[in-house]
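Trainee: what would the 3D arrangement of this be:
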Amino acid sequence: MNSLVSHFRLQGTVQDIKPLGAGLINDTYKVNTLEPDAPDYVLQRINHAIFQDVEMLQSNIEAVTRHIRRKLEAAGTDDIDRKVLHFLTADNGKTYWKEGDDYWRVMVFIPRAKTYETVNPQFSYHAGAAFGNFQAMLADIPDTLGETIPDFHNMEFRLKQLRDAVAADAAGRVAEVRPILDEIERRADEMCKAERLHREGSLPKRVCHCDTKVNNMMFDEDGSVLCVIDLDTVMPSFIFSDYGDFLRSAANTGLEDDKDLNNVSFNMSIFEAFTRGYLESARSFLLPIEIENLPYAAALFPYMQCVRFLADYINGDTYYKIQYPEHNLVRTKAQFKLLQSVEEHTPAMKAFIAGLL
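Mentor: Down below sits the predicted model:
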(Lines give C-alpha, C1' and ligand atoms only; values in the text may rest on other atoms or scores of the structure.)
Protein backbone atom coordinates (compact mmCIF):
# COMPACT_ATOMS: atom_id res chain seq x y z
CA MET A 1 0.00 0.00 0.00
CA ASN A 2 2.80 2.44 0.91
CA SER A 3 4.51 1.59 -2.36
CA LEU A 4 1.29 2.31 -4.27
CA VAL A 5 0.62 5.72 -2.73
CA SER A 6 4.25 6.71 -3.25
CA HIS A 7 3.43 6.98 -6.97
CA PHE A 8 0.94 9.80 -6.25
CA ARG A 9 1.82 13.36 -5.27
CA LEU A 10 0.66 13.35 -1.66
CA GLN A 11 1.30 16.09 0.86
CA GLY A 12 2.54 14.95 4.24
CA THR A 13 3.88 11.65 5.56
CA VAL A 14 1.77 8.49 5.48
CA GLN A 15 0.93 7.31 9.00
CA ASP A 16 -1.23 4.31 8.16
CA ILE A 17 -3.61 2.90 5.55
CA LYS A 18 -6.82 1.19 6.65
CA PRO A 19 -9.95 -0.21 4.92
CA LEU A 20 -12.72 2.36 4.48
CA GLY A 21 -16.44 1.76 4.01
CA ALA A 22 -18.25 -1.24 2.60
CA GLY A 23 -18.48 -0.49 -1.12
CA LEU A 24 -19.69 -3.28 -3.38
CA ILE A 25 -17.61 -2.42 -6.46
CA ASN A 26 -14.19 -0.95 -5.64
CA ASP A 27 -11.80 -1.72 -2.75
CA THR A 28 -11.38 1.47 -0.71
CA TYR A 29 -8.83 2.52 1.92
CA LYS A 30 -8.17 5.63 3.97
CA VAL A 31 -4.63 7.01 3.95
CA ASN A 32 -3.97 8.92 7.20
CA THR A 33 -1.11 11.43 7.29
CA LEU A 34 1.02 12.46 10.26
CA GLU A 35 1.05 16.24 9.85
CA PRO A 36 -2.04 18.10 11.16
CA ASP A 37 -1.96 20.54 8.22
CA ALA A 38 -1.71 17.79 5.57
CA PRO A 39 -4.89 16.27 4.13
CA ASP A 40 -5.81 12.62 4.46
CA TYR A 41 -6.55 10.62 1.32
CA VAL A 42 -8.71 7.86 -0.12
CA LEU A 43 -6.99 5.04 -2.03
CA GLN A 44 -9.14 2.91 -4.34
CA ARG A 45 -8.56 -0.16 -6.43
CA ILE A 46 -10.81 0.25 -9.50
CA ASN A 47 -12.92 -2.79 -10.37
CA HIS A 48 -11.47 -3.46 -13.78
CA ALA A 49 -13.93 -6.28 -14.48
CA ILE A 50 -16.82 -3.78 -14.46
CA PHE A 51 -15.01 -0.65 -15.66
CA GLN A 52 -12.94 -2.10 -18.46
CA ASP A 53 -11.79 1.18 -20.00
CA VAL A 54 -10.03 2.86 -17.06
CA GLU A 55 -8.63 5.61 -19.28
CA MET A 56 -12.18 6.61 -20.30
CA LEU A 57 -13.44 6.21 -16.73
CA GLN A 58 -10.91 8.63 -15.29
CA SER A 59 -11.18 11.00 -18.25
CA ASN A 60 -14.93 11.28 -17.57
CA ILE A 61 -14.36 11.93 -13.88
CA GLU A 62 -11.64 14.52 -14.53
CA ALA A 63 -13.89 16.40 -17.01
CA VAL A 64 -16.82 16.40 -14.57
CA THR A 65 -14.89 17.46 -11.47
CA ARG A 66 -12.97 20.13 -13.44
CA HIS A 67 -16.22 21.62 -14.79
CA ILE A 68 -17.93 21.60 -11.39
CA ARG A 69 -14.90 23.23 -9.75
CA ARG A 70 -14.93 26.01 -12.37
CA LYS A 71 -18.66 26.58 -11.76
CA LEU A 72 -18.12 26.81 -8.00
CA GLU A 73 -15.19 29.21 -8.45
CA ALA A 74 -17.20 31.43 -10.81
CA ALA A 75 -20.01 31.55 -8.26
CA GLY A 76 -17.60 32.58 -5.49
CA THR A 77 -18.46 29.47 -3.46
CA ASP A 78 -16.49 29.02 -0.26
CA ASP A 79 -14.88 25.79 0.96
CA ILE A 80 -14.70 24.46 -2.61
CA ASP A 81 -12.31 21.62 -1.75
CA ARG A 82 -15.07 20.00 0.30
CA LYS A 83 -17.68 20.45 -2.43
CA VAL A 84 -16.06 18.67 -5.36
CA LEU A 85 -13.84 15.57 -5.48
CA HIS A 86 -10.14 16.05 -6.21
CA PHE A 87 -8.06 13.21 -7.70
CA LEU A 88 -4.26 13.24 -7.50
CA THR A 89 -1.91 12.89 -10.44
CA ALA A 90 0.41 9.87 -10.44
CA ASP A 91 4.00 9.57 -11.70
CA ASN A 92 2.67 8.61 -15.14
CA GLY A 93 0.86 11.97 -15.45
CA LYS A 94 -2.57 10.33 -15.13
CA THR A 95 -5.08 10.13 -12.27
CA TYR A 96 -4.58 6.38 -11.97
CA TRP A 97 -1.67 4.02 -11.56
CA LYS A 98 -1.42 0.47 -12.92
CA GLU A 99 0.36 -2.03 -10.70
CA GLY A 100 0.38 -5.55 -12.14
CA ASP A 101 -3.19 -6.22 -13.28
CA ASP A 102 -4.72 -3.68 -10.88
CA TYR A 103 -5.61 -0.02 -11.37
CA TRP A 104 -5.43 2.40 -8.44
CA ARG A 105 -6.38 6.02 -7.82
CA VAL A 106 -6.09 8.49 -4.95
CA MET A 107 -8.42 11.34 -4.02
CA VAL A 108 -8.35 13.86 -1.21
CA PHE A 109 -10.41 12.77 1.81
CA ILE A 110 -13.20 15.24 2.63
CA PRO A 111 -12.96 16.06 6.35
CA ARG A 112 -15.92 16.65 8.69
CA ALA A 113 -18.33 15.00 6.27
CA LYS A 114 -20.59 11.98 6.49
CA THR A 115 -22.90 9.80 4.43
CA TYR A 116 -26.27 8.36 5.43
CA GLU A 117 -28.09 5.17 4.51
CA THR A 118 -31.44 6.55 5.71
CA VAL A 119 -34.20 6.86 3.14
CA ASN A 120 -36.94 9.16 4.41
CA PRO A 121 -38.67 12.24 2.95
CA GLN A 122 -36.07 14.64 4.40
CA PHE A 123 -33.07 12.86 2.89
CA SER A 124 -35.00 12.15 -0.31
CA TYR A 125 -35.59 15.88 -0.74
CA HIS A 126 -31.85 16.53 -0.25
CA ALA A 127 -31.05 13.76 -2.74
CA GLY A 128 -33.39 15.24 -5.35
CA ALA A 129 -31.90 18.71 -4.93
CA ALA A 130 -28.31 17.40 -4.99
CA PHE A 131 -28.66 15.21 -8.07
CA GLY A 132 -30.73 17.85 -9.88
CA ASN A 133 -28.03 20.41 -9.13
CA PHE A 134 -25.35 17.93 -10.27
CA GLN A 135 -27.09 17.60 -13.65
CA ALA A 136 -27.68 21.37 -13.86
CA MET A 137 -23.99 22.18 -13.32
CA LEU A 138 -23.03 19.72 -16.06
CA ALA A 139 -25.72 20.75 -18.56
CA ASP A 140 -23.19 22.92 -20.44
CA ILE A 141 -20.05 20.78 -20.02
CA PRO A 142 -17.94 21.16 -23.20
CA ASP A 143 -16.34 17.70 -22.96
CA THR A 144 -17.77 14.63 -24.67
CA LEU A 145 -17.98 11.81 -22.15
CA GLY A 146 -17.85 8.10 -22.94
CA GLU A 147 -20.12 5.31 -21.67
CA THR A 148 -18.22 3.60 -18.86
CA ILE A 149 -20.76 0.74 -18.97
CA PRO A 150 -22.15 0.60 -22.53
CA ASP A 151 -25.98 0.35 -22.81
CA PHE A 152 -26.25 0.43 -19.01
CA HIS A 153 -29.76 1.95 -19.03
CA ASN A 154 -30.74 1.18 -22.63
CA MET A 155 -34.19 -0.42 -22.42
CA GLU A 156 -34.13 -1.74 -25.98
CA PHE A 157 -30.83 -3.49 -25.25
CA ARG A 158 -32.16 -5.00 -21.99
CA LEU A 159 -35.25 -6.33 -23.79
CA LYS A 160 -33.04 -7.87 -26.48
CA GLN A 161 -31.08 -9.64 -23.74
CA LEU A 162 -34.34 -11.02 -22.34
CA ARG A 163 -35.60 -12.14 -25.76
CA ASP A 164 -32.28 -13.83 -26.50
CA ALA A 165 -32.55 -15.64 -23.16
CA VAL A 166 -36.09 -16.78 -24.00
CA ALA A 167 -34.98 -18.04 -27.42
CA ALA A 168 -32.14 -20.07 -25.90
CA ASP A 169 -34.09 -21.23 -22.81
CA ALA A 170 -30.79 -22.51 -21.42
CA ALA A 171 -32.21 -23.62 -18.05
CA GLY A 172 -35.60 -24.80 -19.34
CA ARG A 173 -37.48 -22.17 -17.33
CA VAL A 174 -39.39 -20.25 -20.00
CA ALA A 175 -42.64 -22.24 -19.68
CA GLU A 176 -43.05 -21.46 -15.97
CA VAL A 177 -42.51 -17.70 -16.44
CA ARG A 178 -44.66 -17.27 -19.55
CA PRO A 179 -47.37 -15.20 -17.77
CA ILE A 180 -44.90 -12.55 -16.56
CA LEU A 181 -43.12 -12.59 -19.94
CA ASP A 182 -46.46 -11.74 -21.55
CA GLU A 183 -46.91 -8.82 -19.12
CA ILE A 184 -43.41 -7.55 -19.95
CA GLU A 185 -44.00 -7.76 -23.70
CA ARG A 186 -47.35 -5.99 -23.35
CA ARG A 187 -45.51 -2.96 -21.93
CA ALA A 188 -42.39 -3.21 -24.11
CA ASP A 189 -43.33 -0.61 -26.72
CA GLU A 190 -44.21 2.04 -24.13
CA MET A 191 -41.11 1.34 -22.04
CA CYS A 192 -38.79 1.85 -25.02
CA LYS A 193 -40.20 5.32 -25.54
CA ALA A 194 -37.00 7.12 -24.45
CA GLU A 195 -34.85 5.52 -27.17
CA ARG A 196 -37.46 6.35 -29.81
CA LEU A 197 -37.77 9.97 -28.71
CA HIS A 198 -33.98 10.26 -28.77
CA ARG A 199 -33.78 8.94 -32.33
CA GLU A 200 -36.48 11.41 -33.34
CA GLY A 201 -34.33 14.22 -31.92
CA SER A 202 -36.76 15.38 -29.23
CA LEU A 203 -35.12 13.83 -26.15
CA PRO A 204 -31.45 14.69 -25.45
CA LYS A 205 -28.86 12.69 -23.59
CA ARG A 206 -27.19 14.61 -20.79
CA VAL A 207 -24.38 13.96 -18.34
CA CYS A 208 -25.98 11.93 -15.54
CA HIS A 209 -24.74 10.23 -12.39
CA CYS A 210 -26.52 6.91 -13.14
CA ASP A 211 -26.23 5.59 -9.58
CA THR A 212 -28.47 7.87 -7.54
CA LYS A 213 -28.64 6.76 -3.93
CA VAL A 214 -28.83 8.65 -0.66
CA ASN A 215 -25.42 7.28 0.37
CA ASN A 216 -23.81 8.73 -2.77
CA MET A 217 -23.91 12.21 -1.24
CA MET A 218 -21.59 13.75 1.35
CA PHE A 219 -23.31 15.79 4.06
CA ASP A 220 -21.74 18.57 6.12
CA GLU A 221 -21.99 18.65 9.91
CA ASP A 222 -24.95 21.04 9.67
CA GLY A 223 -26.92 18.59 7.52
CA SER A 224 -26.42 20.38 4.19
CA VAL A 225 -25.21 18.47 1.13
CA LEU A 226 -21.55 19.05 0.28
CA CYS A 227 -21.20 17.09 -2.95
CA VAL A 228 -22.17 14.04 -4.96
CA ILE A 229 -19.66 11.16 -4.81
CA ASP A 230 -19.06 7.79 -6.53
CA LEU A 231 -18.64 9.18 -10.03
CA ASP A 232 -17.68 5.95 -11.83
CA THR A 233 -21.03 5.67 -13.61
CA VAL A 234 -21.18 9.33 -14.70
CA MET A 235 -21.87 9.22 -18.43
CA PRO A 236 -24.29 10.38 -21.12
CA SER A 237 -27.83 9.19 -20.42
CA PHE A 238 -31.41 10.39 -20.25
CA ILE A 239 -32.24 12.38 -17.12
CA PHE A 240 -34.65 9.52 -16.38
CA SER A 241 -31.63 7.48 -15.24
CA ASP A 242 -30.99 9.62 -12.17
CA TYR A 243 -34.65 10.29 -11.44
CA GLY A 244 -36.12 6.82 -11.94
CA ASP A 245 -33.27 4.79 -10.48
CA PHE A 246 -33.45 6.63 -7.15
CA LEU A 247 -37.19 6.08 -6.83
CA ARG A 248 -36.92 2.39 -7.74
CA SER A 249 -34.99 1.67 -4.58
CA ALA A 250 -35.91 4.55 -2.25
CA ALA A 251 -39.68 4.58 -2.85
CA ASN A 252 -40.12 0.81 -2.58
CA THR A 253 -41.88 0.03 0.72
CA GLY A 254 -40.59 -3.55 0.56
CA LEU A 255 -37.29 -5.26 -0.21
CA GLU A 256 -35.88 -5.65 -3.70
CA ASP A 257 -36.28 -9.41 -3.23
CA ASP A 258 -39.33 -9.41 -0.95
CA LYS A 259 -41.09 -12.78 -0.92
CA ASP A 260 -44.21 -11.17 0.54
CA LEU A 261 -45.57 -9.01 -2.27
CA ASN A 262 -48.00 -7.38 0.16
CA ASN A 263 -44.99 -5.47 1.50
CA VAL A 264 -44.18 -3.96 -1.90
CA SER A 265 -45.73 -0.67 -3.00
CA PHE A 266 -44.69 2.76 -4.26
CA ASN A 267 -44.18 5.30 -1.46
CA MET A 268 -45.68 8.59 -2.62
CA SER A 269 -44.13 10.54 0.28
CA ILE A 270 -40.65 9.65 -0.96
CA PHE A 271 -41.69 10.42 -4.54
CA GLU A 272 -43.03 13.85 -3.59
CA ALA A 273 -39.99 14.83 -1.51
CA PHE A 274 -37.47 13.69 -4.12
CA THR A 275 -39.40 15.28 -6.99
CA ARG A 276 -39.74 18.60 -5.16
CA GLY A 277 -35.98 18.77 -4.55
CA TYR A 278 -35.14 17.59 -8.04
CA LEU A 279 -37.31 20.09 -9.87
CA GLU A 280 -36.17 22.97 -7.66
CA SER A 281 -32.59 22.52 -8.86
CA ALA A 282 -33.04 20.94 -12.32
CA ARG A 283 -36.01 22.83 -13.73
CA SER A 284 -33.74 25.56 -15.07
CA PHE A 285 -32.42 23.33 -17.87
CA LEU A 286 -35.05 20.60 -18.29
CA LEU A 287 -37.12 20.48 -21.46
CA PRO A 288 -40.93 20.12 -21.20
CA ILE A 289 -40.69 16.61 -22.66
CA GLU A 290 -38.30 15.58 -19.87
CA ILE A 291 -40.55 16.92 -17.11
CA GLU A 292 -43.64 15.43 -18.74
CA ASN A 293 -42.07 11.96 -18.71
CA LEU A 294 -40.88 11.86 -15.09
CA PRO A 295 -43.72 9.47 -14.13
CA TYR A 296 -42.62 7.27 -17.06
CA ALA A 297 -39.11 7.26 -15.56
CA ALA A 298 -40.53 6.10 -12.21
CA ALA A 299 -42.07 3.11 -14.01
CA LEU A 300 -39.14 2.48 -16.36
CA PHE A 301 -36.64 1.43 -13.73
CA PRO A 302 -38.64 -1.26 -11.89
CA TYR A 303 -39.60 -2.52 -15.36
CA MET A 304 -35.95 -2.56 -16.46
CA GLN A 305 -34.82 -4.35 -13.32
CA CYS A 306 -37.66 -6.84 -13.69
CA VAL A 307 -36.43 -7.58 -17.22
CA ARG A 308 -32.83 -8.00 -16.05
CA PHE A 309 -33.69 -10.31 -13.13
CA LEU A 310 -35.97 -12.43 -15.33
CA ALA A 311 -33.38 -12.73 -18.11
CA ASP A 312 -30.85 -13.95 -15.56
CA TYR A 313 -33.32 -16.47 -14.12
CA ILE A 314 -34.07 -17.84 -17.59
CA ASN A 315 -30.33 -18.04 -18.35
CA GLY A 316 -29.72 -20.11 -15.22
CA ASP A 317 -28.55 -17.36 -12.84
CA THR A 318 -25.27 -16.45 -14.52
CA TYR A 319 -25.04 -12.74 -13.57
CA TYR A 320 -26.59 -11.84 -10.20
CA LYS A 321 -25.53 -13.63 -7.06
CA ILE A 322 -28.34 -15.77 -5.66
CA GLN A 323 -28.99 -17.20 -2.19
CA TYR A 324 -31.46 -19.90 -3.29
CA PRO A 325 -32.59 -21.35 -6.66
CA GLU A 326 -35.67 -19.11 -7.13
CA HIS A 327 -33.98 -15.91 -5.94
CA ASN A 328 -34.00 -14.15 -9.31
CA LEU A 329 -37.64 -15.12 -9.89
CA VAL A 330 -38.56 -13.70 -6.47
CA ARG A 331 -36.71 -10.51 -7.37
CA THR A 332 -38.56 -10.38 -10.70
CA LYS A 333 -41.96 -10.67 -9.05
CA ALA A 334 -41.12 -8.03 -6.44
CA GLN A 335 -40.02 -5.56 -9.12
CA PHE A 336 -43.13 -6.30 -11.16
CA LYS A 337 -45.33 -5.63 -8.13
CA LEU A 338 -43.51 -2.30 -7.64
CA LEU A 339 -44.09 -1.49 -11.31
CA GLN A 340 -47.81 -2.16 -10.94
CA SER A 341 -47.94 0.13 -7.90
CA VAL A 342 -46.15 2.89 -9.84
CA GLU A 343 -48.67 2.51 -12.65
CA GLU A 344 -51.55 2.85 -10.17
CA HIS A 345 -50.02 6.06 -8.80
CA THR A 346 -49.22 7.62 -12.19
CA PRO A 347 -52.25 9.98 -12.26
CA ALA A 348 -51.35 11.22 -8.76
CA MET A 349 -47.72 11.71 -9.81
CA LYS A 350 -48.74 13.75 -12.85
CA ALA A 351 -51.02 15.90 -10.69
CA PHE A 352 -48.27 16.49 -8.11
CA ILE A 353 -45.74 17.56 -10.78
CA ALA A 354 -48.29 19.85 -12.40
CA GLY A 355 -48.88 21.44 -9.00
CA LEU A 356 -45.15 22.07 -8.53
CA LEU A 357 -44.92 23.74 -11.91
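Trainee: now the residue nearest to Glu183 when sequence neighbours are not counted: which helix or strand?
Mentor: Counting by CB to CB, 6 or more residues apart in numbering, Phe336 is the residue found nearest to Glu183 once chain neighbours are left out, at 6.9 Å. To be clear about C-beta, it is placed using only N, CA and C from the backbone, and glycine gets the same treatment. Using DSSP states H and E, Phe336 maps to helix 327-356.
Trainee: buried residues in the helix or strand hosting Ala127?
Mentor: Using DSSP H and E, Ala127 falls within helix 121-137. Going by neighbour count (16 or more other CB atoms under 10 Å), the buried part of helix 121-137 is 121, 123-137.
Trainee: ok, which pair from these is furthest apart?
Mentor: Using CB to CB, the pair of the buried residues of helix 121-137 lying farthest apart is Pro121 and Met137, separated by 24.6 Å.
Trainee: how about low-confidence regions in the stretch 201-350 of the chain?
Mentor: Counting by pLDDT under 70, the stretch 201-350 of the chain shows no low-confidence range.
Trainee: out of the buried residues of helix 121-137, who's nearest Val166?
Mentor: Proximity of the buried residues of helix 121-137 to Val166, judged by CB to CB, is greatest for Phe131, which lies at 34.7 Å.
Trainee: list the contacts for that closest one?
Mentor: Neighbouring residues of Phe131 by CB atoms under 8 Å, 6 or more residues apart in numbering: 209, 212, 228, 242-243, 246, 278.
Trainee: quick one: buried ones out of these?
Mentor: Buried members of the contacts of Phe131, counted by 16+ other CB under 10 Å: 209, 212, 228, 242-243, 246, 278.
Trainee: circling back: output the contacting helices and strands for the helix holding Phe336.
Mentor: helix 178-191, helix 268-282, helix 294-315 (3 or more CB pairs under 8 Å, 6 or more residues apart in numbering; DSSP states H and E).
Trainee: gap between the two ends of stretch 319-333?
Mentor: End-to-end span of stretch 319-333 (CA to CA, to the nearest Å): 18 Å.
Trainee: what's the answer for stretch 247-257, then?
Mentor: With CA to CA as the measure, the ends of stretch 247-257 fall 16 Å from one another.
Trainee: show residues contacting that stretch.
Mentor: Under the contact criterion CB under 8 Å, 6+ apart, stretch 247-257 has outside partners 119, 124, 127, 213-214, 260-261, 263-268, 270-271, 274, 297-298, 301-302, 305, 327, 330-331, 334-335, 337-338.
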